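J.: Let me see the structure of the following:
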Amino acid sequence: MNGYITGGTIRRLREARRLTQVQLADLLNVSGKTISKWETARGLPDISLLEPLAKALGISVPELLSGEQIINANRSANLLRSALYVCPICGNVIHACGAAAISCCGVSLPPLEAEDPDDRHCAQIDADSDGEYFFSVPHEMSKEHYVSFVIYQTPDRFELRKLYPEGPCEARFFPRGGGIFYWYCNRHGLFRQKL
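T.: Coordinates of the predicted model:
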């Protein structure tokens, strides 16, 4: 994580749960003075108390550390509202169907914002004789500059094909009605094209 919990966060979350300092202290088996010290920035909770503190405050540990509670208002998430995250350190690709606090390799990741393709990232999507979509981009696939993955997404399906440097920049997908294609260039970001 990029930071540690603050006293203001503890106080705000405690008050939102309608707990007194003493009630929170009892839940954590610490003194009320300890909670007061945390909230006035005269001390910090030990790392061993983060999980019990998060549980007592009704949130996750990442939410506690970031100071932001994540509420998914759309519990029956539509895949077309998905968010994608890519770690700049290890290249991990993470897919979330709703709001999420995502981190990888110690870095908080923002959701990727897809753009319309430019001339260098324009995709060719054709239906082949086998009834599959054939996706290709005339993009270099060197170790320094390449398309990392291609996704075909419909309201109820999410298919990801991983691509590798020095390999072809193409993928096949079985058609499932109208959908959106996404592809990710390691230098220029995420692009999209609707069918």
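
J.: Just give the nearest non-adjacent residue to residue 162, would you?
T.: When the adjacent residues along the chain are set aside, residue 162 lies closest to residue 149, with 5.2 Å between them (CB to CB, 6 or more residues apart in numbering). Just so you know, the C-beta spots here come from the backbone N, C-alpha and C atoms, and that holds for glycine as well.

J.: Ok, residue 187 next?
T.: Residue 187 sits nearest to residue 145 (CB to CB, 6+ apart), 5.4 Å away.

J.: Please report the distance of that neighbour from residue 184.
T.: Remark: distance between residue 145 and residue 184 (CB to CB, to the nearest Å) = 12 Å.

J.: higher neighbour count, the two?
T.: Between residue 145 and residue 184, counted using other CB atoms under 10 Å, the more crowded position is residue 184 (23 against 13).

J.: element containing the more buried one, please.
T.: Per DSSP states H and E: residue 184 is located in strand 180-185.

J.: continuing past that strand, what's the next helix or strand?
T.: Sequence order places strand 189-194 as the next helix or strand after strand 180-185, per DSSP H and E.

J.: and residue 141, what is it in contact with?
T.: By CB atoms under 8 Å, 6 or more residues apart in numbering, the residues touching residue 141 are 147, 163-169.

J.: Check residue 56 too.
T.: Contact analysis of residue 56 by CB under 8 Å, 6+ apart lists 17, 19, 24, 27-28.

J.: Please spell out the PyMOL selection for the buried subset of those.
T.: Entered in PyMOL, the line below selects the buried ones among the contacts of residue 56, by 16 or more other CB atoms under 10 Å:
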select buried, resi 19+24+27
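
J.: Tell me the one of the contacts of residue 56 nearest residue 126?
T.: residue 17 (55.9 Å; CB to CB).

J.: Now the element after whichever strand or helix holds the residue nearest to residue 162, going C-ward?
T.: Per DSSP H and E, residue 149 falls inside strand 147-154. Later in the chain than strand 147-154, the nearest helix or strand by DSSP H and E is strand 157-162.

J.: So in that sheet, which strands flank the strand holding residue 149, and in what orientation?
T.: Sheet pairing of strand 147-154 (DSSP bridges) gives strand 157-162 (antiparallel), strand 180-185 (antiparallel).

J.: May I have the worst-scoring helix or strand of the chain on mean pLDDT as CSV, with CA atoms only?
T.: None of the helices or strands of the chain scores lower by mean pLDDT, DSSP states H and E than helix 61-66, at a mean of 79. Provided in CSV are the C-alpha atoms of helix 61-66 (Å, rounded to 0.1, in the frame of the first residue of the first chain):
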residue,chain,number,x,y,z
VAL,A,61,-8.0,-3.9,5.3
PRO,A,62,-7.3,-2.2,1.9
GLU,A,63,-10.3,0.1,2.5
LEU,A,64,-9.0,0.9,6.0
LEU,A,65,-5.5,1.7,4.7
SER,A,66,-6.8,3.8,1.8
